[in-house]
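Chemist: mind looking at a prediction? Sequence and model below.
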Amino acid sequence: MAVIGFIGLGNMGGPMAANLVKAGHKVTGFDLVPAALDALKAAGGSVAASASEAVKGAEIVITMLPAGEHVRQVWLHQGGLIDVVKDTKPLLIDCSTIDVDSARTATAAAAEAGMTMLDAPVSGGTVGAANGTLTFMVGGDEEAFAKGLPILQGMGKNIFHAGGPGAGQAVKICNNMMLAINMIGVAEGFILAEKLGLDWMKLHAICTTATSNSFALSNYCPAPGPTPASPANRDYAPGFMTALMLKDVKLSQAAAEATGVATPMAALAASLYQATVDAGDATKDFSVVFRLLENMKRG
């Protein structure tokens, strides 16, 4: 059993923390939203009045926050968590999806204080978080990864060591860029199929056995009907919000700009997800881009 401080108990962090409790760990959490604290308490965890209080005496400190600026604020500002725990030196794990530079900056600050830190973003959405089946993409040194592995296994099914500091974030950025593009391709295929008089159920049955098969097609179809568990059958309730996918695709574009890599499909995807957000669907699942495309006219 480990003593864990968990900061960020939202749609992803809350179920993840609850699964750590279920795995037998002692978890104390903090979030700015009272309902999130209540949910952890109901799951058997403890709650704190501040992030600093949540990490006192912890052997492991985990953060699950919305963006890089939040991660830098929580870990690095004067009196931040690295400063709070520098005497006890727990293992630090950030599960947020952020830019690579922010991850490396936080890791370097932890190292300067004599601690190790893992960047460990996740894939699998809210369903994976609730079921404990997330995929973790982990950056950091081998020793830290070995220490963090049993903790991550309490929240996920597939745990990968991607490389050194920032490697976890790099994999996540590339993964979500590919998923964003693929989802648009699947949506376009189903929209065209309908106009050609095809039945969506038959299209899905055929294409999931053919070369166009993918996660977006087989498990997360953006057209209502073929995959009953997909958000398309719940008026695109997330899932993974469009606003978050847009954030991740923008991270990929910032990385592409910094490295001089041409990513024209991702650039187009970013514009389409931006249009989806602008249309009022920021909090819908990102597969709602289907509705935007369905209403577009060929230029």
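Modeler: Cool, got the structure. From a predicted model like this one, the values you see are computed outputs, not experimental measurements.
Chemist: can you name the element that comes right after the host helix or strand of residue 17?
Modeler: Element membership for residue 17, per DSSP states H and E: helix 13-22. Remark: after helix 13-22, the chain's next helix or strand is strand 26-30, criterion DSSP H and E.
Chemist: does anything pack onto that next one? Which helices or strands?
Modeler: strand 3-7, helix 13-22, helix 34-42, strand 46-47, helix 51-54 (3 or more C-beta pairs under 8 Å, 6 or more residues apart in numbering; DSSP states H and E). All C-beta atoms are positioned from the backbone trio N, CA, C, and that covers glycine.
Chemist: could you say which of the ones you listed is packed most deeply?
Modeler: strand 3-7 (a mean of 27; mean count of other C-beta atoms under 10 Å).
Chemist: who does it touch, helix- and strand-wise?
Modeler: helix 13-22, strand 26-30, helix 51-54, strand 60-63.
Chemist: give me the below-cutoff pLDDT ranges for the stretch 51-200 of the chain.
Modeler: The stretch 51-200 of the chain contains residues with pLDDT under 70 at 78-79.
Chemist: now the helices for it?
Modeler: Listed in chain order, the helices of the stretch 51-200 of the chain (DSSP state H, counting those that start in this stretch) span 51-54, 68-76, 81-85, 100-112, 125-131, 142-152, 167-195, 200-207.
Chemist: buried ones in the helix or strand following the last one?
Modeler: Going back to what we said before, that points to helix 200-207. Per DSSP H and E, the first helix or strand lying C-terminal to helix 200-207 is helix 215-218. Within helix 215-218, the residues that qualify as buried are 216, 217, 218, counting by 16 or more other C-beta atoms under 10 Å.
Chemist: now the second one: closest residue in space, sequence neighbours ignored.
Modeler: If I follow you right, that is residue 217. residue 186 (5.0 Å; C-beta to C-beta, 6 or more residues apart in numbering).
Chemist: what residues are up against that neighbour?
Modeler: Contacts for residue 186 (C-beta atoms under 8 Å, 6 or more residues apart in numbering) come out as 212, 214, 216, 217, 221, 222.
Chemist: ok, residue 224 next?
Modeler: Here residue 224 is in contact with 232, 233 (criterion: C-beta under 8 Å, 6+ apart).
Chemist: surely it is within a helix?
Modeler: No - looking at residue 224 with DSSP: H, G, I helix; E, B strand; the rest coil, it is coil, so not inside a helix.
Chemist: biggest strand in the protein by residues?
Modeler: strand 156-163 (DSSP state E).
Chemist: what distance separates that one from the centre of its chain?
Modeler: 14 Å (C-alpha atoms, centre = their mean, to the nearest Å).
Chemist: re the thing from before, by contact count, what packs against the helix holding residue 17?
Modeler: strand 3-7, strand 26-30, helix 34-42, helix 125-131.
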